[in-house]
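>>> Show me how the following folds:
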Amino acid sequence: MASNQILIVDDEPDIRSLVQEILVDEGYQVEIADGAAAARAALRTRRPDLVLLDVWMPDTDGISLLREWSQDGRPPMPVVMMSGHGTIETAVEATRLGAYDFIEKPISLAKLLLTVERALEANRLVQENEGLRRRLPDTPEPIGSSKAMVELRAQIERAAQTDACVLLEGEPGSGKQVLARYLHERSNRRDRPFVVVSGGALIKPDAARDLFGVEEGGELRYGLIEQAQGGTLFLDEVAVLGSEL
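Residues are numbered from 1 along each chain as shown. As a prediction, the model looks like this:
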């Protein structure tokens, strides 16, 4: 039985009641807020495990409230936006500010429950990863003073400031994973998961399932990509991956 605390922020009483009833039936602890002021007060009392946040509200819109919560780079808990009049621009801005997902109204029961479960599980993995990171020593900086090594470090620093995919080439044992971790530590994703995937371990026919996850019989199995949500996915030995991946 689920026991996570969920805060619903919506100015429409019918929506609040409906979503609250659905989530309570699933075993979640639910608190409601009819606007931004009530949401701020709720967060001062207790930080929830998840917030369902309406975009359009009369006092302060959901995007502005999400922006407040993201002053340190990301909100302190996963946030799922809700709107009956959402636009692509709104969804993009919400994602940029750290929202986990975007649900359209009228709300689908299946979509709501699936999104809530995924958001909570992804956040659990993030918290678990951060706990492990606190117990590990800092990632060492690649050493060396040669011109090639100095340029390599400079390239990594530049790449770390982007969200682009990075290809690290080198012989086995040359330190590609060390460089990948160094890049991760220098990026804005440093507080998110660093997930290592060995291409040789992704054995067919379950490779796609391991990477992307699967839903069978109402049960969710989260893939490695989901586990790296918001962080870095390091694919080692990519040459052995099948073309279908």
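>>> buried set for stretch 102-115?
Phe102, Ile103, Ile107, Leu112, Leu113, Thr115 (16 or more other Cβ atoms under 10 Å). Quick note: C-beta positions are derived from backbone N, CA and C, even for glycine.
>>> Tell me how many other residues surround the closest residue to the fifth one other than its chain neighbours.
Right, Leu113. The shortest distance from Leu113 to any non-neighbouring residue, by Cβ to Cβ, 6 or more residues apart in numbering, is to Glu26 (6.5 Å). Using other Cβ atoms under 10 Å, Glu26 has 16 neighbouring residues.
>>> Format the buried residues of stretch 102-115 as JSON lines; extra columns: secondary structure, distance to Leu241 and pLDDT.
As requested, these are exported to JSON lines (DSSP: H, G, I helix; E, B strand; the rest coil; distance: Cβ to Cβ, whole Å; pLDDT from 0 to 100):
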{"residue": "Phe102", "secondary structure": "strand", "distance to Leu241": "31", "pLDDT": "91"}
{"residue": "Ile103", "secondary structure": "strand", "distance to Leu241": "33", "pLDDT": "91"}
{"residue": "Ile107", "secondary structure": "coil", "distance to Leu241": "38", "pLDDT": "91"}
{"residue": "Leu112", "secondary structure": "helix", "distance to Leu241": "35", "pLDDT": "95"}
{"residue": "Leu113", "secondary structure": "helix", "distance to Leu241": "33", "pLDDT": "95"}
{"residue": "Thr115", "secondary structure": "helix", "distance to Leu241": "29", "pLDDT": "95"}
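>>> Out of these, give me the two with the largest separation.
The span of these, defined through Cβ to Cβ, is set by Phe102 and Leu113 at 15.8 Å.
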